[in-house]
Each structure stands twice: as structure tokens, then as C-alpha cells.
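*Asks:* please work out how this folds:
(chains A and B)
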Amino acid sequence: MDLDAILDAAPGEIEGAGSLEKLDAVEAKLLGRRSFITEQRRTLGKLDAADRPAAGARLNDAARQLQELVAARRLVLEEQAEERLLEEDRVDVTAARRRIAMGTNHLITQTIDQIADIFAAIGYQIADGPEAETAWHNFDALNTPWWHPTRLESDTMYLDYGDPADEILLRTHTSTVQVRTMETEPPPIHIIAPGRCYRTDTFDATHSPVFHQFEGLAVAEGITFTDLKGTLAYFAREYFGSERVIKLIPHFFPFTEPSAEMHVSCFACDGSGCRVCSNSGWLEVLGCGMVDPNVFDAVGYDPKAVTGFAFGGGIERMAQARHGIEDIRHFFENDIRVNEQFV
Amino acid sequence: MRVSLRWLRDYVDLPMSDPREIGDLLAGLGHEVEGIETLEAPFSGVEVARVESIRPHPNADKIRLVTVDRGSGTQEVVCGAWNFEVGDLVVLASVGAVLPGDFKITAREIRGVVSQGMICSERELGFGDDHEGIMVLAGQYDVGRDLADYLELPDVVFDLSITPNRPDAMSMLGIARDVAAKLDLELREPVIDVTEVDPASTVRIEVRDSVGCPRFVAREVRGVTSGPSPMWMQARLRAAGVRPISNLVDATNYVMMELGHPTHVFDLDRLAGQRLIIHRAGPRDTLTTLDDVQRTLDPGDIVISDDDGIVSLAGIMGGGPTEVSDTTTRVLVEAANWNPPAILYSSKRHNLRSEASARFERGVDPNLSGRAAARVAQLLVQNAGGEAASGIVDAYPAPVEPETVEFPTAELARILGIEIQPELAAGMLRRLGMEVSGGDALLTVEVPTARPDLTRAVDLVEEVARLYGYDEIPETLPLGTGGGLKPVQRRARLLRSLLTGAGFMESNTLGFISGSDLDALGLPEDDPRRATVKVKNPLSEAEETLRSTLLPGLAKAASRNLSYGYGDVALFEIGRVFRHQPSPIDERIPHQPVHLAALLAGRVLTGITEAGRETDVFDLTALVEAMATRLGWRDVMLRQAVTPGLHPGRAADVVKAGIPIGIVGELHPSAVRRFGLTGRVAVLEVELEPLLAEPPWWELAPPSIYPPQKFDLAFEMEHDVPAAELLRVVEDTLGPTLESVRLFDEYHLGGARKSLAITIVIRAADHTMTDDEAQQLRLRVIEDVQAELNAKLRGE
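*Replies:* Sure, this is the predicted structure:
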């Protein structure tokens, strides 16, 4: 056995080690406690002092060569081992195993929030009011005479509660919030009041005993019909898109004078006529008008001092237009296959 | 209201003919166009011809050869009908004509003779069913003229929705007046001219209720012969959506469409006592109306009687025996004015709506009754050959006078925001039939009684705006005086984002429940949620109660989803519930606080999930804690409680600052079954107001930079000591040194004992806590827990 023979044979042995365990064994044989090199080092002291440095250097040199070869081989083997591990760890990530549960706000809530935000941005506050109301708040204060057909039980749901003279009912529109707000706050008023309303309607594709409205009211000195038009045009652009235009068509409501219905150019066909707008090019969106002086009288405002406008529209209708919902029951049946689409 | 364009042109020379443009014009006047229908003749090349001569067919007995005069010449056709004679006016479809069904008329040989066309029956022309023989025209028709002209075809019909404030616009003339005023055109009113013949009528009218019947005009027409109306009148009635019946009835319907005043014709020979009495129905009165329904009348119903009893439900529908018929020769024309609310309520009560009631409930002009009666008489004379008797009865004790309205013209700018010259406004009002005097700052306007909707200056502002055109008014956008969400509204959105972020899906239920829903929940009679508010006129028994809790609605929604195959649901709803107690904002109305409810059923769908685990109460106690944390409340606790409707061992009150604000737990297994659900169903319902209120501002606790000490403890104690109490004692004992305490194990020992194991992390703010210090604190916790909870440390 001599060093040269070992050095000649070592690269082959090291490269031949196929695993980290085998490499450890080769390393022990070449560089371990019982290796030729270790034993030779131990006997260096027996050499002549003059020969010692050269012999020592030669052994160190050999040891370093061998260590480098082993280290290089180890690196290769470690990389291979890592690759094997990663290969074993492989999973198919294309199909999710887990999901982050995603709830949704109801489409009615979303629509209310959108409308509220549109008006909040131009200085409106969001107002609220009770759903069980007095007939005075729902009808009389809003200039609706005692004999008006909408007051019949065929239209309005009455409650078995309180003083019969108060005729407690489920509000048929959010216009009650106009009255509640003006009763408690002085002008100027700028509010948007979304909420639930009720009507004696049997539940079917186009009717629901419960529906939602949003009511707008602006009262101050100097408010005019041009302000009503401009405000509604702004709303139409914000909700239906910046290209939209509106037209107001004269109409009748007991609580506004002059009154109008707002039509918005159809967002689906841009006014040329399509299924969404029943080929008219326009969507009928809400009712509006200048607050009738009798309403101001009822709440104790001076109709000579202030003017105002009011408008009210259906939340379901707004959402139906945008999302192609033809059956109003989808809003209230809470089928999760429907509600999970309310993203 | 169906408006025929041809008919409209009788009264006003419309310069345009594009249906869409005319529709926009009508809509711009406030008459919403619900539909535009184009009417076309179902035939072409069909004309009026006169029978010149008739001779037998050389080769057949049942058919004849007829020579007709077409105006432009004569021709011979073969005809199989026998119901006409020489001189009659018939309808000829000659070669080149097309009949309904794309039936082209060609020269055709019939038994050896060539026929140059055919003489038509009504059915062959596509209207009516009369196929007894060919059509023989009675009345004035020009030979050679296109039959379509007499049928008023082609035409365009606008289906208008007339607003309830415009009784005057329920008529052709009313619409024409608006159009003429808008376009500044002349309005041609029909000429009403009746020659009266003596002897005077002896008919008597007795109005016993002049509130119900402010005016009653009656006049007699004698010597009429019942038969079909002229073709043009039938055509106009059809266009207006009214079925032609006879010249007697059609005259009344025509006048109703033309002037907007309903009228009625009685067979005067069938009126017992030759008089009519107008009164309110008695408590047990009945009437069999024309539709063959026997109706029990209400004391609010206005009726017309003769000496034998009630003959008509006023303003709505007549009864059978006194109606005109084929044999009628003497009619009584009634043009009465009825009290609008009375008609409205009667028609609603009897579920009988007619063209007449639709007009009376809006309010017909009482000053129109005389004209309407005259117009009917005129048409009867024209079309049924009668003569109008003198002696008109007019019971009109309190004639309605036109109202005068003071109109400060500054109101135009104040309301509309634009300048309109007073003269311009005055001109518009005049064109609408008003008398206007004064000028500049103040107009004095006399409003015709046909417009009861115009009583104030602001009403006149609307009239001016309508004619000026809403489209012409510019847009301005004023800003409100400070908007945005209030804190409580922002916090409601924050709460929603927590709920939706945690995987809950918002529901929106109708909100009506029934007693059986509360039974299903298992609520005892004295449960506060039984103090409900009921609907007087519910849609059904199942919807007779306003919800006092959101839970039945959610349970039913979950049940419906389960029936669709979706048993795993995480739902929430935010909405008002109703309590039979006064509201704090108005004592007249019931209390209606806003609640939040949540429901979990099936496998867990919240958080990051593999949907493997069944839900239980702890999913929702976690939600309570998360809500309290997100909304900034540290005083929200759970207090174990037995709550009706919930599993007795798996429920708690949600308590805030010591006051219960809601419940959380699992639905009682029997309630689960009654709602058609399965497994564990976790529910939560809390009142929102206390949670949405703004909490005190929180203060930062700076994190310690020193290492923690950690130790576990297990205690044995009575079964009914709440775990929350153990945690509270630890918190109280350790104070700010406590970093966290968590329950990590719980199990039942024998008897009424249990073991609770907790892990505690403590850390000092300003130094490294020594083992010795930690041991001291550990002993103090053990001591306090043992003392306060009657517990015993385990495993020592």
C-alpha cells in the first residue's frame, strides 16, 4: 500500500459511491481513523526531522485532495436526494382541496349600499324609519286623501295594534321617512332613505308583499325642478353608466307637484331598443317631483320659505335591470344557488 | 285608455304621422304610452258595390249571376248567397283583391261561367262571424270606395295610462285638448245639436241622496229601432277596446269615449212607474247585475230603483230587466254624476271595474252631464231613427262653479328654476280651456270644472311645465349640506364585512310568520316572542303575524335549501322584528328593533374549510366573540342558559355589560325536526343597536420585549361551573401580566364533576420573568381558582 496507489484509486471509489451512506463509508476508509493517511500521520514523528516537513506536506496535500473529492461528491448526492424528496412530495394543485368560505351580502343590500354611496358622495345622509307606521305618516301627511284607493285593504296591510284611530299599517313606501325626518329636523334636508315596504300582493314572479324602495328628499331655500333633473341625471350616470341620459315624463303623485317619472336611456342597447327595455330604448326607473306644499304644511315647514324635491324608486327593479332578474321571487327565496351569485 | 289616431284627427289636425313621434308627444304631456298598436285591414282591394241585376246561373240552381256597379264600371260575379236584392249595397272583392289568409281573388270559372270576383260575407273579410249570407250595407256608403275607409283602417292605437288626477283625459276630446294646447293648434269640438219633439217626456227622477248623486240628467228618445251601429262607429269602438253591441248601447259607449262621461240607456217601457229613484242600498238589498251575478248590496252602494225595486248599481253596472233589447222602441238616457269615493268603494267591494267606474272614481265633470245626454240623444236619432222628446229632467241642486286660482308668476321660477314669461304661461293656460286675466306678477285663472286637479298656483305651475316640456328644462346639480355614513351605519357595514368574510350568506326573508312557526320553535305561551303584532288583512293564515324573531325565517330558508339538496348552509339576516309594545320613537307604533340572526347547518362552510366537520354551537360562539372584537366591545360575554327553542345544554345568553342582548346555541332537536332539518343546527340572534353603538376608544398596549413563561393547569370542579368563569378568575388574578389563557381540554369525570385544562402564558412588561416569579403567580392562580370555584388542582 502506498499513497500514490490510494490517490489513484480514490476518485473511482468516491464517484462510485451511489448514496450518502456509501460515501460516508468511502470517506471513513480514505480519511478515517484507521485510514492509511491517518496511520501515516501518526508515524511522522518517527521520521528524521529533515524528512518530516516534506512527508507531512505530502500527506496533508493528499488528505485535502480527497476531502475535496468527497465534498464534491456529497454535494451531488445531496442534490439528488433532495430532488427525490421533492419528487415524492409532488401534488396536483390544479384542483382546490380547500376553499375560503365566501359569504355574500344580499343583492338588495348591495344595491342599497351602492345607491346610498352615490348620494352620500353629493352630500346626502342616509335616513331610516319604522316599517310599522301610522296612516298619518304613510298617507295623510303625504297628501293622500282618506278615500284614496291605495288605502284600501286590497293594497295596504293594516296591523292589529294600537289606537284604531291611528290605523297602524305596514308602510307602503319609504316616503314615510320624508315625514319622519322633517318632523324632527329643520331644513335644509338632504337624505336618501332605503328600506322595506309592504303591499297586499300575492307572491308571484312580478309581485311581492315585501319589496324595497329608496326615497330621496332635498329641502332648502331655492331648490328647483332643474336641481331635481340634475340630481337624477347624476344618479343615472353613477348607477347605470356615464353614457346614460334621462328624461322626465309628467306624472301624478299626491305628494309632489309637479310630478314626473324618470326614464333612463337603456344601458343594454344605448337607446336603440332591446329586450331589456321592451324595445322602447328607455327604462322607467323612479317617480319624482317637487314636494307638494301640503306635505310641507303637514310637517310644519313653511312652503313659502322652502322648496324641495323628492324621488322614490324600487331597489329590486334597479337590481333586476342590471342583472337580468326576471322573477322577483329570487330576491326572497334565499336559494343559496341564487344568493351565492350575489358577488 | 285606447286612443285611435284616426279618431283623434277628428278634433285636431296633427301635423305628424310617425306613431313613435306621436307617442312621445302624448307621453310628454303626462299620458304614459303603454303600447302602440298598428291596425291594418286584413284584406285589400275590397270595395262597396251596388247590385244592378241578378239572373239565374245557366248550369246551376243554387247559385246566381250578379251584376254589380263598382262606380268605375260594372261586372258580373257568381254568388251563392240569396240574402240581397237589386239595389242593395254589397262588398265586392274583384280580381286582384286579397282576403284574409292571403286568399287572392282571381277570375274563376264556376259551372261554365267565369266569375270576376266575389261578394263577401263578414267572416270572409275577417271580422264578425256572420256567415249567414253576404254583407248587405245599411246606411250611407259610396259605391266604389275602399271598404277599409269605412272600417277606419289602417289606424294606429295608443294605449295610454291616464293618471288618476286627470278625469278629463279619459276621453278622446280631453286628449285632443292637451295635444292642441301643446302644439298650439285649433281644437274642433263635436257639434251637438238635437231637435226636440213634443209631447214632453213624463219621466220623473227623484234623487234622495244628492251627496252620492250631485246631478242626474234624464231624457227620452222615442221610436228607435235596435240594430247594428254604422260600420265606422263599430270600428271606432273596437279600436277603443269596446265591443259593439247595438246602436242603442253603442251610442252610450261612443259618448263615454268621446267626452269622458259615462251614460246609460234604459228601456223606458220596462221601467215600472216611469220613474227613477236614486238612493243608498238597504242592508239586505240584492241586485242581479248584467253579468248574471246576484250581488248583496252594501249600505254604501248608490243604486237606482224604479217602482219595482233596484234596477242598477249606480255608475258601475245595470241589472237585467230594464236593459235595452232588440225590441226596445223607447229609451231613457241617463247622464248622471256620481260621488267618486262611493263609486270607488262600491266597485272595489263588488270587484266590478268597468270603463264607467274608472271614470266616475276619478270624478267626472258634473257640468258635462247635459252635453253627454244630448250627444247620446243625437246619436240615437242618427243611428237608430228615433226622435228626441222635449222635457229634459235635470236634477242638479247645487251646480258646481269654476274655481278661481290666484297665480303669482314668480312661482314659475321659484319651483321650476327657469324664467317663463307671464304672457307665455297665460297663453298655455288659455289653450287648456282656462280663463286668464291680469298679467305680469299675478294672473287670475278661472279653471274649468273638468279640471278638479287644479286648485292652487303650484298646480298651474305643473300645467305650464307640462306644455313647456320637461325636456326643455335644464339640469343643475346642487350639493347636499354634509353627507356620508353615520358611525352606526359604517359599523353596520363593518359587521357585514365580518359576516361575509367569515362565509355567511345574507338572506332576505319576507318576514311574515304564523303561530305555528313559533310552535315549531317550541316557544312557551309566556315567551316574550309570543307578544306579536298581527296583520288584519294577511295574505294567508301562514303570514298573519309580523316576525318577532328572525329564526323561523332562517330555519325555513335552510329547510328549503336542504330540500334542494343543499344541507350545508351558513346564513344570516339583518332586519326588523316587531314587538307588541310601544316604540321608543313613537308610542303609537309597535317597537321594531333591528336584529341579526345567523344559522349554520350541515358541514362547516366558514373560514378556510374542507367542509368535513359537522357544525355545532362553538362555530357561533366564535362568531359572537369575533363580532364583539371587531366592533370594539370587551364587555360581551356568554352566560350558559336554558332558552326556549334551543338545546337545553347547548345554549347561552349573549350578555353585554351585564344585560342580555341575544341568544346563541343549537336549535332544540325537536325544533330541528319540526323545521324539516337534520343534525345540529347552530343559531344566533342578537339585537344590533347595543353592538353598533360606538365603543370607547381603545388604547395601545405596547408589546413586551422580554421572554414569556408558560404553564398548564388542570382543575376538577362541579359540572355546572362555566368554563368562562375559570378564564375570568385567571384574568382577574394575573391582570396585565397575563398574555393569554386558553381552554385546551375538557372532560367529564364521574358524578357531577368535570375536568378543565388550561394553558397560560404570562410575560412581564419590563423585565425577564424568573422561574421563581412564575411559580409564585402559578400558585396564586391555583389558590384563587380553588377558592372561588370550589375546584381542586389535578395531577399534583
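*Asks:* what is the least confident helix or strand in chain B?
*Replies:* strand B:608-609 (a mean of 78; mean pLDDT, DSSP states H and E).
*Asks:* any part of the next helix or strand after that strand near chain A?
*Replies:* For strand B:608-609, the following helix or strand on the C-terminal side (DSSP states H and E) is helix B:617-630. No: remark: helix B:617-630 sits outside contact range of chain A, by C-beta under 8 Å from any C-beta of the partner chain, the gap being at least 11.1 Å. Yep, even glycine has a C-beta here, placed from its N, CA and C like the rest.
*Asks:* hmm, who's touching helix B:617-630?
*Replies:* Helix B:617-630 is contacted by residues B:494-495, B:498-499, B:502, B:504, B:598, B:600, B:604, B:606, B:634, B:636, B:638, B:647, B:650-652, B:654, B:656, B:664-666, B:680, B:682-684, B:686, B:691 when judged by C-beta atoms under 8 Å, 6 or more residues apart in numbering or on different chains.
*Asks:* among the residues you listed, which ones are in helices?
*Replies:* Residues of these located in helices (DSSP state H): B:494-495, B:498-499, B:691.
*Asks:* partners of the least confident helix or strand of chain B in the sheet?
*Replies:* With DSSP bridges as the test, strand B:608-609 is paired with strand A:99-100 (antiparallel).
*Asks:* who's in contact with the partner strand?
*Replies:* Contacts for strand A:99-100 (C-beta under 8 Å, 6+ apart): B:503, B:607-609, B:611.
*Asks:* residues in contact with B:G503?
*Replies:* By C-beta under 8 Å, 6+ apart, B:G503 lies in contact with A:100-103, B:570, B:605-607, B:609.
*Asks:* buried ones among the residues you listed?
*Replies:* Buried members of those, counted by 16 or more other C-beta atoms under 10 Å in any protein chain shown: A:101, A:103, B:570, B:605-606, B:609.
*Asks:* in strands only, show me these.
*Replies:* Those of these mapping onto strands are B:570, B:609, per DSSP state E.
*Asks:* how about the helices in chain A?
*Replies:* So, for chain A - with DSSP H - the helices run A:3-16, A:20-31, A:36-42, A:52-88, A:107-120, A:135-138, A:176-184, A:225-240, A:293-299, A:315-323, A:336-339.
*Asks:* low-confidence ranges, the chain, go.
*Replies:* The chain I'm using is chain A. Per-residue confidence for chain A (pLDDT under 70) gives these ranges: A:1.
*Asks:* nope, chain B please
*Replies:* The model of chain B has pLDDT under 70 over residues B:128-131, B:611, B:796.
*Asks:* quick check: which helices or strands does the longest helix anywhere in it pack against?
*Replies:* The longest helix of chain B (DSSP H) is helix B:771-789. Applying 3 or more C-beta pairs under 8 Å, 6 or more residues apart in numbering or on different chains; DSSP states H and E, one finds that helix B:771-789 contacts strand B:709-718, helix B:723-734, strand B:753-762, strand B:792-793.
*Asks:* returning to what we had before: and chain A, which of the contacts of helix B:617-630 reach it?
*Replies:* Taking C-beta under 8 Å from any C-beta as the test, chain A is in contact with B:499, B:502, B:504, B:606 out of the contacts of helix B:617-630.
*Asks:* before we move on, back to that, how about the contacts of strand A:99-100 in JSON lines, adding distance to B:G433?
*Replies:* Below are these laid out as JSON lines (distance: C-beta to C-beta, whole Å):
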{"residue": "B:G503", "distance to B:G433": "66"}
{"residue": "B:G607", "distance to B:G433": "72"}
{"residue": "B:I608", "distance to B:G433": "74"}
{"residue": "B:T609", "distance to B:G433": "73"}
{"residue": "B:A611", "distance to B:G433": "73"}
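*Asks:* phi first, then psi, for B:A425.
*Replies:* Per-residue torsions, B:A425: phi -60, psi -40 (degrees, to the nearest 10).
*Asks:* what's the burial count for it?
*Replies:* B:A425: 24 surrounding residues under other C-beta atoms under 10 Å in any protein chain shown.
*Asks:* distance of B:M233 from chain A?
*Replies:* Separation of B:M233 from chain A (C-beta to the nearest C-beta, to the nearest Å): 32 Å.
*Asks:* sec struct for that residue, please.
*Replies:* The three-state label given to B:M233 by DSSP: H, G, I helix; E, B strand; the rest coil is helix.
*Asks:* I figured it was touching B:T252, is that so?
*Replies:* No: at 11.7 Å, B:M233 does not count as touching B:T252 under the criterion of C-beta atoms under 8 Å.
*Asks:* quick one, which of these two is more surrounded?
*Replies:* B:T252 (26 against 20).
*Asks:* distance-wise, check the nearest residue to B:P100 once chain neighbours are set aside relative to chain A.
*Replies:* Residue nearest to B:P100 in three dimensions, not counting chain neighbours: B:G126, with 3.7 Å by C-beta to C-beta, 6 or more residues apart in numbering or on different chains. Distance, B:G126 to chain A, by C-beta to the nearest C-beta: 27 Å.
*Asks:* look up phi and psi at B:G126.
*Replies:* phi 90, psi 10.
*Asks:* OK, contacts around it?
*Replies:* By C-beta under 8 Å, 6+ apart, the contact list for B:G126 reads B:42-43, B:99-100.
*Asks:* let's go with 10 Å and repeat that
*Replies:* Taking C-beta atoms under 10 Å, 6 or more residues apart in numbering or on different chains, we find B:G126 in contact with B:41-43, B:99-101, B:120.
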